[in-house]
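Asker: Okay, structure incoming, though there's no sequence with it:
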């Protein structure tokens, strides 16, 4: 959780005025379903789910999160819930290459 919280603190200002709410797949709260319910209760009608996993191939990003999104869609049929994944691997590669170049 702490690493994700630090990332969120840097992402929030970049997304403003949109609202960023963290959700967790396991071990921490809130769950995706709880976070969506909170946003819906606060009047949001459009939600974008963005995972912290950058590359394809993981069960959380490919199975668990899509299943949780489908459950949330069923619970909130009037709300648009989109999944901003998978990420563009070319952009991820550029980011990682920049990280490598900083080490030289």
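Answerer: Structure received. If you're wondering where the values come from, they're calculated on a predicted model, not measured in any experiment.
Asker: From the opening residue of stretch 31-49 to its closing one, how far?
Answerer: Stretch 31-49 has an end-to-end distance of 12 Å (Cα to Cα, to the nearest Å).
Asker: which parts of it are buried?
Answerer: Under the neighbour-count criterion of 16 or more other Cβ atoms under 10 Å, stretch 31-49 has 31, 32, 35, 36, 39, 40, 44, 47, 49 buried. The C-beta positions use only the backbone N, C-alpha and C, and glycine is treated the same way.
Asker: Other residues contacting it?
Answerer: With Cβ atoms under 8 Å, 6 or more residues apart in numbering as the test, stretch 31-49 has contacts from 19, 21-25, 30, 65, 68-69, 71-72, 75-76, 78-85.
Asker: quick one, what contacts the residue nearest the centre of the chain?
Answerer: Centroid-nearest residue in the chain: residue 50, 2.4 Å away (criterion: Cα atoms, centre = their mean). Contacts for residue 50 (Cβ under 8 Å, 6+ apart) come out as 84, 85.
Asker: Mind telling me what element the nearest residue to residue 82 once chain neighbours are set aside is part of?
Answerer: Once flanking residues are discounted, residue 82 sits nearest to residue 48: 5.1 Å by Cβ to Cβ, 6 or more residues apart in numbering. Element membership for residue 48 (DSSP states H and E) is strand 46-49.
Asker: That strand pairs with which strands, parallel or anti?
Answerer: Paired neighbours of strand 46-49 in the sheet (DSSP bridges): strand 80-83 (parallel).
Asker: Name the surrounding residues that touch the strand it pairs with.
Answerer: 36, 45, 46, 47, 48, 49, 65, 66, 69, 72, 73.
Asker: Please convert those residues to JSON lines, extending it with distance to residue 91.
Answerer: Putting the contacts of strand 80-83 into JSON lines (distance: Cβ to Cβ, whole Å) gives the following:
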{"residue": "36", "distance to residue 91": "26"}
{"residue": "45", "distance to residue 91": "28"}
{"residue": "46", "distance to residue 91": "23"}
{"residue": "47", "distance to residue 91": "23"}
{"residue": "48", "distance to residue 91": "17"}
{"residue": "49", "distance to residue 91": "18"}
{"residue": "65", "distance to residue 91": "20"}
{"residue": "66", "distance to residue 91": "21"}
{"residue": "69", "distance to residue 91": "22"}
{"residue": "72", "distance to residue 91": "27"}
{"residue": "73", "distance to residue 91": "27"}
